[in-house]
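Return a 3D structure for these sequence lines:
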Amino acid sequence: MGSKDQDLPASSGGGGGGFFQSITKGMRSLGLAVSNSVNGMVGYEGLEVINPDGGTEDAEAEAMKGRWKQEDRDGYWKMMNKYIGSDVTSLVTLPVIIFEPMTMLQKIAEIMEYCELLDKADECEDPYMRMVYASTWAVSVYFALQRTWKPFNPILGETYEMVNHRGVTFIAEQVSHHPPMGVAHGENDHFTYDITSKLKTKFLGNSVEVYPIGRTRVTLKKSGVVLELIPPLTKVNNLIFGRTWVDSPGELVMNNLTTGDKAVLYFQPCGWFGAGRYEVDGYVYSAAEEPKMMVTGKWNKSLSYQPCDQEGDPLPGTELKEVWKVAPSPPNDKHQYTYFAHKLNSFDTAPKKLLPSDSRLRPDRYALEKGDMSKSGAEKSRLEEQQRAEKRTRETKGEQFTPKWFNRTDDISPTPWGDLEVYEYNGKYAEHRAAIDSSSVGEETDPSSIEFNPWQYGDSSSQ
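Okay, the predicted model is just below:
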């Protein structure tokens with residue numbers, strides 16, 4: 001299932017038949033999700049409302065659904081209408097009522113939830129099964145990414161550390177504020193994970209497209225294989241009017257930069273009556289562009305694989321086997337969190353002597369987690385003003401911000417949505433943690449008592 005009118009099993013589009021082809025054509029005949037314009041409401045003519053269930057009901061009826069009260073919808077629409085067509089990643093100061101108690105650095109760490117799939121990829125001798133494991137790992141995070149709440153933008157210099165999860169040591173750092181850029185490094189005995197992320201958005205009125213400008217590299221330690229991930233864009237529908245929902249239609253590509261093998265998995269767009277929503281289909285290809293494994297399933301439930309022939313059809317004598325299944329989630333969770341998301345917010349995954357710049361310590365995030373939106377909003381405003389004061393101090397001193405745990409390289413990585421300045425892990429965090437772990441001096445500090453401090457100049461608000 002390639003994008004548009006392309007049919008798999010061609011590795012990045014092209015001809016061919018295959019197991020999925022007849023299903024693909026049937027799905028296309030159903031069309032995309034119903035997109036209606038609100039024309040009967042004065043002041044909202046042309047407002048796009050997309051029904052997540054794909055029904056044909058009046059757009060005005062769908063527009064009245066969702067999380068907002070009528071007066072809130074009107075206010076947000078008037079405030080945001082002037083930004084249509086703009087990148088609103090860090091352009092607009094948004095109310096905390098639309099936020100979840102997590103930052104973008106923590107959101108990056110969510111891809112580690114099912115990292116045992118990378119452990120299996122590292123241990124696997126079959127090069128194509130290795131790609132099944134690795135590409136499934138890349139898909140597994142989309143269950144968490146369907147949440148419709150906005151994470152906090154990290155403060156420049158903010159960090160996030162994670163341990164106590166499948167042997168992984170993880171460090172992320174915000175290295176740029178305009179444009180917002182986060183960088184992370186994760187590692188265990190089987191793999192290293194490195195990402196430079198610079199999200200770009202396009203606000204469309206009642207929806208926003210999120211372009212994942214970034215470079216993700218995974219190195220499997222046993223074989224030395226280097227993998228690169230290219231995800232599809234994401235669209236958040238019905239931001240203000242209607243029920244908010246997330247879709248990521250298009251291709252996810254996992255390239256083996258060492259051997260030339262690749263996995264191309266197609267995320268089906270939501271169709272009529274919700275048909276196709278969550279569905280993922282695709283193939284693992286050899287360096288010679290021949291399909292070797294087919295992968296199918298739903299990113300909110302499970303994925304399975306089966307060996308295939310050169311036409312993309314299942315090999316005789318083989319069967320479809322499940323490779324991954326989503327873990328149970330807390331019922332009726334306010335922010336649609338998984339159990340792993342709750343762990344990321346807790347100090348259970350924090351190392352001893354946590355950096356004071358860690359996201360968990362943000363007072364606005366913590367206040368929102370406790371349900372105090374008034375305090376969260378006030379703290380968010382205070383932090384943003386202090387960040388502006390830091391910028392003024394830097395400009396007065398003629399200095400530049402320098403990350404602690406990552407270095408900017410001379411590499412410029414092209415992506416489908418723009419070029420990216422690449423950062424690399426400098427190894428200093430491992431030295432920092434080794435020094436702490438080997439030290440027996442002093443008692444362990446209660447991490448909840450640490451004051452959030454990502455600042456380069458201390459209390460810049462007073463300067």
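
got the contact list for G418?
200, 211, 213 (C-beta atoms under 8 Å, 6 or more residues apart in numbering). For every residue, glycine as well, the C-beta is placed using N, CA and C.

any idea which of those is the one closest to D281?
Y211 (23.1 Å; C-beta to C-beta).

how about low-confidence regions in the stretch 251-400 of the chain?
271-274 (pLDDT under 70).

just the helices in it please.
339-345, 363-369, 373-397 (DSSP state H, counting those that start in this stretch).

residues making contact with the second one?
Helix 363-369 is touched from outside by 96, 99-103, 152, 345, 359-360, 373, 375-377, 379-380, 383, 452, with contacts defined as C-beta under 8 Å, 6+ apart.

Read off the pLDDT value for V96.
Listed pLDDT for V96 reads 87.

For it, grab the count of nearby residues.
When neighbours are defined as other C-beta atoms under 10 Å, V96 has 23 of them.

if I read this right, it contacts K380, doesn't it?
Yes: V96 lies in contact with K380 (C-beta atoms under 8 Å); the separation is 5.9 Å.

returning to what we had before: Serialize the contacts of G418 to a markdown table and add fields for pLDDT.
Putting those into a markdown table (pLDDT from 0 to 100) gives the following:
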| residue | pLDDT |
| --- | --- |
| K200 | 88 |
| Y211 | 92 |
| I213 | 94 |
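
Confirm L227 sits in a strand?
Yes: read with DSSP: H, G, I helix; E, B strand; the rest coil, L227 is one of the residues of a strand.

And N81, how far from T396?
Remark: distance between N81 and T396 (C-beta to C-beta, to the nearest Å) = 37 Å.

Compare those two (neighbour count), which wins?
N81 (14 against 9).

What about that one? Give its phi and psi, please.
The phi/psi pair for N81 (degrees, to the nearest 10) reads phi -60, psi -30.

so what's it scoring on pLDDT?
77.

right, and it touches G205 too?
Yes: with contact defined as C-beta under 8 Å, N81 reaches G205; the gap is 7.0 Å.

Output the helices of the stretch 251-400 of the chain as CSV; include the columns distance to W137.
As requested, the helices of the stretch 251-400 of the chain are arranged in CSV below (distance: least, C-beta to C-beta, whole Å):
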stretch, distance to W137
helix 339-345, 14
helix 363-369, 27
helix 373-397, 33
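
so of the ones you listed, which one's packed in deepest?
helix 363-369 (a mean of 21; mean count of other C-beta atoms under 10 Å).

Quick one: distance of that one to the chain centre.
21 Å (C-alpha atoms, centre = their mean, to the nearest Å).

now stretch 217-233
16 Å.

Ok, stretch 375-387 next?
Its chain's average C-alpha position is 25 Å from that of stretch 375-387, according to C-alpha atoms, centre = their mean.

before we move on, what about stretch 375-395?
26 Å.

Show me the contact partners of it.
Against stretch 375-395 from outside (C-beta under 8 Å, 6+ apart): 93, 95-96, 99, 152, 155-156, 177, 362-365, 367-368, 400-401, 455-457, 459-461, 463.

Can you tell me which of these end up in strands?
99, 152 (DSSP state E).

Buried members of the contacts of stretch 375-395 into ChimeraX, please.
Here is the ChimeraX command that picks out the buried ones among the contacts of stretch 375-395, judged by 16 or more other C-beta atoms under 10 Å:
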select :96,99,152,155,156,177,362,363,364,365,367,368,455,460
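
which stretch of helix or strand covers A109?
helix 104-109 (DSSP states H and E).

end to end, how far does stretch 202-218 reach?
29 Å (C-alpha to C-alpha, to the nearest Å).

ok, so what distance separates S140 from S438?
Separation of S140 from S438 (C-beta to C-beta): 35 Å.

and I195, what are its phi and psi?
Backbone dihedrals for I195, given as degrees, to the nearest 10, come out at phi -140, psi 140.

any idea how far the residue nearest to it when sequence neighbours are not counted is from L229?
Nearest non-adjacent residue to I195, counting by C-beta to C-beta, 6 or more residues apart in numbering: T216, 4.7 Å away. According to C-beta to C-beta, T216 and L229 sit 4 Å apart.

do the same with H185
For H185, the distance to L229 - C-beta to C-beta - is 15 Å.

for the nearest residue to Y211 once chain neighbours are set aside, what are its contacts?
Distances taken as C-beta to C-beta, 6+ apart put W417 closest to Y211, at 3.8 Å, once the chain neighbours are dropped. Residues in contact with W417 (C-beta under 8 Å, 6+ apart) are 200, 211-213, 233.

From S197, how far off is W417?
For W417, the distance to S197 - C-beta to C-beta - is 12 Å.

which neighbours do those two share?
By C-beta under 8 Å, 6+ apart, the residues touching both W417 and S197 are 212-213.

Please work out which residues outside the helix holding A109 touch it.
151-154, 158-160, 162, 170, 172-174, 180, 182, 184, 186, 195, 197, 199, 344-345, 359.

outside of stretch 396-413, which residues touch it?
156-157, 159, 171, 173, 175-176, 183, 185, 196, 215, 394, 419-426, 428-429, 456.

And it, end to end?
Chord length of stretch 396-413, first to last residue, is 32 Å (C-alpha to C-alpha).

Flag every buried residue along that stretch.
Neighbour-count burial for stretch 396-413 [16+ other C-beta under 10 Å]: 403, 405-406, 408.

ok, now stretch 428-447?
Those would be 429, 432-433, 447, for stretch 428-447 by 16+ other C-beta under 10 Å.

next one: stretch 100-120
Quick answer for stretch 100-120 (16+ other C-beta under 10 Å): 100-120.

swap in stretch 293-308?
293-299, 303-308.

cool, and stretch 179-190?
By neighbour count on 16+ other C-beta under 10 Å, the buried set for stretch 179-190 is 180-188, 190.

now these in JSON lines, with secondary structure?
Putting these into JSON lines (three-state DSSP) gives the following:
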{"residue": "P180", "secondary structure": "coil"}
{"residue": "M181", "secondary structure": "strand"}
{"residue": "G182", "secondary structure": "strand"}
{"residue": "V183", "secondary structure": "strand"}
{"residue": "A184", "secondary structure": "strand"}
{"residue": "H185", "secondary structure": "strand"}
{"residue": "G186", "secondary structure": "strand"}
{"residue": "E187", "secondary structure": "strand"}
{"residue": "N188", "secondary structure": "coil"}
{"residue": "H190", "secondary structure": "coil"}
